[in-house]
Every structure is written in C-alpha cells, then in structure tokens.
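> Here is my input, please return the structure:
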Amino acid sequence: MARIGVVGISDGRDHVHARNAEFIQTKQDALVRSLQSAGHEVVAGRSLVATNVQASSVAREVAAADVDVTVFYYTVWAFPHFTMLAADATRSPLVLVASTDPTEPGLVGMLAAGGALDQIGRKHTRAWGAPDDASLAETIGVQATAAAAVKALHGSTFGRFGGRPMGMNTAVANTDQWARQFGIDVEEIDQYELVLRADKADANEARKGREWIEQYAAGVHYDGKKLTPELLERQIRSYQAVRDIIAERNLDFSGIKAQPELTENFATMDVTEAFLNDPYDWNGPKDTHVCATEADMDGALTMQLFKQVARTPVLFADVRHYHGDRDIWDLCNSGQHATWFAGRSDDPAENLSKVNFYPEVFFFPAGGASVQHIAAPGQMTLGRLTRESGEYRLQLMLGEFENYDAATNQQLVDQSTPEWPHAFARLDTPGEVFLSNFGANHIHAVPGDYRAEMRAVAEQLGVRLDEWTRG
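Residues are numbered from 1 along each chain as shown. Here you go, the predicted structure:
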C-alpha cells in the first residue's frame, strides 16, 4: 500500500494550544490507527504544529520519510499560515482533512487553510469525517495510492525493443515529453540483441519451461510446421533473454516491437510477453513485469499505472470487434493476454488448465505458439492514456468481462481469430461514444473498480480525464 504522512496543525496561541493539544493528539492517533488498519504505512510528525518554526520543521521531517502523500489534519481552529509554511516544506500531494467533531472548529481550520492554498495555486484535495471512519481512510487511501503510482514513474526506465511497429503512431511517444512530464527515461534496445541472447540462453531451462507448459496447459497443439517443440523452446529462450536484459539494464517496464522483423524471421513474442506479464513461470511466483506488445509506449505507461494502483497483472488487448447484437466487445490480441487472466488465480496450474497454445496464424510466418484462452468473468476497470494535439488524456470506463456456454464462446471466437486470446467485455458506455472518441486500437484493464484511484492519478499527473458511462 502507500506511505502516508500526517501533520496535525493547531492554534498558534500558547494557552489555546495547551488546552487543545490532548484533544488533537487523541484524534490524530485514531486517524493513524485507521489508516494503518487499511494497510498503509503512516509517518506522523513527532510534534503538533503550533508555531511557524514547527510548521516548517515537522513538515520537512515527514517529507524526509519519502511519503507518497501528506495529510494536514485539522481538529481545531488552526492558524492558516502554518499550513502555508508546511506546504512549502513538502513536495508530495496534499490532503487536507477535517475532524467533524462539533465541539471544536476543525472544518473552519481546514477551509481557511484550503482557501489560502487556493490563492497561491497549490493543488490539494479535501476530506472530512470522524478519524476512525473507514470511509475517511478509504478517501485518503485513494489519493495515497494514486500518488504512489505517479511517484513510481519518476526515476523509472522504459526499455523499448525496436521502434515503431507497422506505422503505428499511437505506439510511439515523445521521449522528451516522458522525461519532462513523468520523469521516465527511455532505453532503446535493438531487437537483434534479443535474438543473440536467445541463441545463447540455457537450453535446459528452455526445455524445463516447455515441459511445464505441456504438463499444465489445456493443450499444446504441435503441427510440425508453425509450432514444434523447438519453436516453443525458442520462444521460451526469448523470454529468458528479455528477463536477462531487464535485470542487467534495470528496466522497470518495457515493450517489444516484434512486427514485422521477429514475426517474419525469428518467432512471435506471444509467449515472451504473456509470461513477462504473469506473476509466475515454471520457476514459481515472481513479480510481474509490464511488457507491451508492438512496443506500445502509451500502452505500457497505462499498464504500469494500472499495475501500481491495482497490484495485479494488467490486460493488453486490441479492440477487435463490436458485437452490436449483444452489445459486447471482443478484446483480442495475439498472445499479449497474460495467462493469469484465464482464471485470475494465484495458482498457475489453475490458469493454464484453461489455456491452449496453438500454431500461429498466417500473419506470422516465423511461427511459434499463440497463447489462447478466454478471460475469466468479472468487473473490470478499462482505459488508456492517449494523446490529443500532443497532450495526454486518460480515457476511462467501467466494464464487465463475460463468459458464455461453450458453444457460444466458440461461435464468438470463430468469428475473428480463434487461435488468439479473447476477453468479451460489456462496457459501461454506448458503442457509438466509444468508437467515436477512443484514441487508439489498444486498450488495458484490471479487475475491480479502480476509477477513483485513476481519477486521482489523472489529477496528479495534470492530464485531462475523459470518463464515459451510460449513467
């Protein structure tokens, strides 16, 4: 979870502060416990702020703990200039929180402080309620989770294997803009490095991976041409190669162009990308590594934010088809769906039992396996960072993944590419709105409703929010 700083702000008159100190501390302690119970790490100031010197020193002390967000807490009337000094001493996002106990004017203190911050243009959010109210902790937690996700971008490195795929402008971002707006560096890596490393990868490890897939998958459909044990092991060695490069170059997230060079002459990257995005492989549990197919930079950026907010693997898909008669979307992409989405289980055997590995289709003459399954049903948050006139916007919506009986599922996948993974999504937005406005062919999703956190991410990044709903 996030790391939250808490600074309690008081009245500047000595005799008033002396009267109020125990009241403030009791309320603050209850708030800290509530945030800790919600799973957050809390760094509270060692003293309450009752002088201008303390306003700066306590805020600096909390800021030095590298908090994701700072709460200024108002349980009584508080001198507003203490807030101004404290705000100047911290660079994290601010949440002004007021106690609603009517015995003291905490709301008055928050409003006076918030108005002063408005006058100087210092952004902040506001919340209020009893300190032990779970909904207040949730409201603060939304801001803190978003702040942690945004902060994690700064100082990170994106590894781009290859350049623009098949003329796809929406997959290529301005590296200067990324450095300026998000604090991300882009490391350019030639795809031939992947080929060289794959040729030198551990053959025993590749065989181990192939046998693990054969043991647990619903099926590995060798045809002797486009999919052979040797080609599957080449894909696994490609996964090993990318993992080695990620470790050596300290890449935080990445993307692989693949098309057309690798898919024409080496092998598809479907297995590589799927297992990079999975929380496991044949060696056991591991951290997920966001890797976007077609070196999609904005896709990878969106996925990295979703991953930090939801703490789950993230789906990458093409918006393949709209079934107007059913009002559902077929979200389908060659292999990029992590196998985790087949069952959304921490047990890879449970997920892989729903996954088939098929020979690649005619698009990819070099062959290899595609990773095929139908995503498990459930509520999903979907969206993408896209650009309009060079400026980022977050396009966001809620949806449901659906499954049907076997015959219906087969009929739907047969209408597009049955060898590829599919997610059947019912979006909380009219088809006309989506098709008229969505700014890319790729979309991303995580299980659950994380719209509040993503709204806060957009606010903290300073990007426009385009949120769609039938409501």
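> Mind listing what's buried along the helix or strand of the chain with the lowest mean pLDDT?
Among the helical and strand segments of the chain, the one scoring lowest on mean pLDDT, DSSP states H and E is helix 261-265, with a mean of 93. Neighbour-count burial for helix 261-265 flags Leu262, Thr263 (criterion: 16 or more other Cβ atoms under 10 Å). Using the backbone N, CA and C atoms, a C-beta is placed for each residue, glycine as well.
> any idea how far the next helix-or-strand element following that helix is from the chain center?
The element immediately downstream of helix 261-265 (helix or strand, assigned by DSSP states H and E) is helix 270-276. In this view, helix 270-276 has its centroid 18 Å away from the chain centroid, taken as Cα atoms, centre = their mean, to the nearest Å.
> Quick check: mean pLDDT of helix 270-276?
Mean pLDDT, computed over helix 270-276, is 97.
> next one: stretch 422-434
On average, stretch 422-434 scores 97.
> Which of the helices or strands spans His321?
Following DSSP H and E, one finds His321 within strand 315-323.
> and the helix or strand just after that strand, which strands flank it?
The helix or strand immediately downstream of strand 315-323 is strand 328-332, counting by DSSP H and E. Sheet pairing of strand 328-332 (DSSP bridges) gives strand 315-323 (antiparallel), strand 422-427 (antiparallel).
> closest one to Val355 among the ones you listed?
strand 422-427 (12.0 Å; Cβ to Cβ).
> hmm, who's touching the least confident helix or strand of the chain?
With Cβ atoms under 8 Å, 6 or more residues apart in numbering as the test, helix 261-265 has contacts from Gly162, Gln191, Leu194, Val195, Ile256, Thr268, Met269, Glu360, Phe363, Phe364, Pro365, Ala366.
> want to try TSV for these, with neighbour count as columns?
Output for the contacts of helix 261-265, formatted as TSV (neighbours: other Cβ atoms under 10 Å):
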residue	neighbour count
Gly162	20
Gln191	19
Leu194	25
Val195	18
Ile256	27
Thr268	30
Met269	30
Glu360	24
Phe363	12
Phe364	23
Pro365	13
Ala366	18
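> now, which of those lie within helices?
Gln191, Leu194, Val195 (DSSP state H).
> wait, what's in contact with Thr469?
By Cβ under 8 Å, 6+ apart, Thr469 lies in contact with Met397, Leu398, Asp428, Thr429.
> In these, find the pair that's most separated.
Using Cβ to Cβ, the pair of the contacts of Thr469 lying farthest apart is Leu398 and Thr429, separated by 8.6 Å.
> Please read off the pLDDT at the one residue sitting closest to the centre of the chain from the model.
The residue lying closest to the centre of the chain (Cα atoms, centre = their mean) is Phe306, at 1.6 Å. The score at Phe306 is 98. That number is its pLDDT.
> Also Met1?
pLDDT, Met1: 82.
> Leu136 and Gly129 touch, don't they?
Yes - Leu136 is within contact range of Gly129, at 3.8 Å (criterion: Cβ atoms under 8 Å).
> out of these two, which sits in the busier spot?
Leu136 (22 against 18; other Cβ atoms under 10 Å).
> can you tell me how far that one sits from Pro418?
Distance, Leu136 to Pro418, using Cβ to Cβ, to the nearest Å: 49 Å.
> what's the answer for Asp29, then?
Distance of Asp29 to Pro418, given as Cβ to Cβ: 59 Å.
> before we move on, what about Gln215?
In this view, Gln215 and Pro418 are 24 Å apart by Cβ to Cβ.
> which residues in the stretch 1-150 of the chain form strands?
In the stretch 1-150 of the chain, the strands defined using DSSP state E, counting those that start in this stretch lie at 3-9, 41-44, 69-74, 94-98, 125-128.
> which of those strands is buried the deepest?
Highest mean neighbour count among those (mean count of other Cβ atoms under 10 Å): strand 69-74, with a mean of 28.
> any low-confidence regions in the chain?
Low-confidence segments of the chain (pLDDT under 70): 335.
> In it, which helix is the longest?
Secondary structure assigned by DSSP H gives helix 14-37 as the longest helix of the chain.
> Give me the contacts around that one.
The contact list for helix 14-37 (Cβ under 8 Å, 6+ apart) reads 4, 6, 8, 10-11, 42, 44, 48, 50, 71, 73, 75-76, 97, 99, 101, 104, 131-134, 136-137, 140-141.
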